[in-house]
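Enquirer: after the sequence you'll find the predicted model.
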Amino acid sequence: MSWVKTTRLDEVPVGATRVVAVDGESLLLSRTSADAVHAIETCRSHDAGPLGQGTLDGDVLQSPRHAARFDLTS
């Protein structure tokens with residue numbers, strides 16, 4: 001595994017998300033604090049919903065459909 005630069009840290013404010021592309025795949029970056037950024041797939045596992053349109057509440061991302069919540073730390 002290697003690191004891939006996708007964006008600058010200042011382009012993802014604390015409490016915000018940003019969709020980026022890595023090797024043709026979409027990833028959702030979520031900055032939950034000054035020193036924590038999490039990366040997950042942009043589609044929900046059960047219906048391919050757009051997590052990039054969800055809302056961030058601390059370390060939890062809430063899906064824009066059905067209000068499913070995803071803990072970004074686990």
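Expert: That came through fine.
Enquirer: distance-wise, check the residue lying closest to residue 58 once chain neighbours are set aside relative to residue 38.
Expert: Excluding its sequence neighbours, the residue lying closest to residue 58 (CB to CB, 6 or more residues apart in numbering) is residue 32, at 6.3 Å. (C-beta placed from N, C-alpha, C; glycine too.) Separation of residue 32 from residue 38 (CB to CB, to the nearest Å): 6 Å.
Enquirer: which neighbours do these two have in common?
Expert: Both residue 32 and residue 38 are contacted by 59, 72, under the criterion CB atoms under 8 Å, 6 or more residues apart in numbering.
Enquirer: look at residue 18 and give its secondary structure.
Expert: strand (DSSP: H, G, I helix; E, B strand; the rest coil).
Enquirer: any idea how far residue 7 is from it?
Expert: Looking at residue 18 against residue 7, where the rule is CB to CB, the gap reads 6 Å.
Enquirer: repeat that for residue 67.
Expert: 28 Å.
Enquirer: and what of residue 39?
Expert: Residue 39 is 11 Å from residue 7, by CB to CB.
Enquirer: neighbour count winner among these two?
Expert: Between residue 39 and residue 7, counted using other CB atoms under 10 Å, the more crowded position is residue 39 (14 against 11).
Enquirer: just confirm the more buried one is within a strand.
Expert: Yes - counting by three-state DSSP, residue 39 falls inside a strand.
Enquirer: so it makes contact with residue 31?
Expert: No - using CB atoms under 8 Å, residue 39 is not in contact with residue 31; the gap is 10.6 Å.
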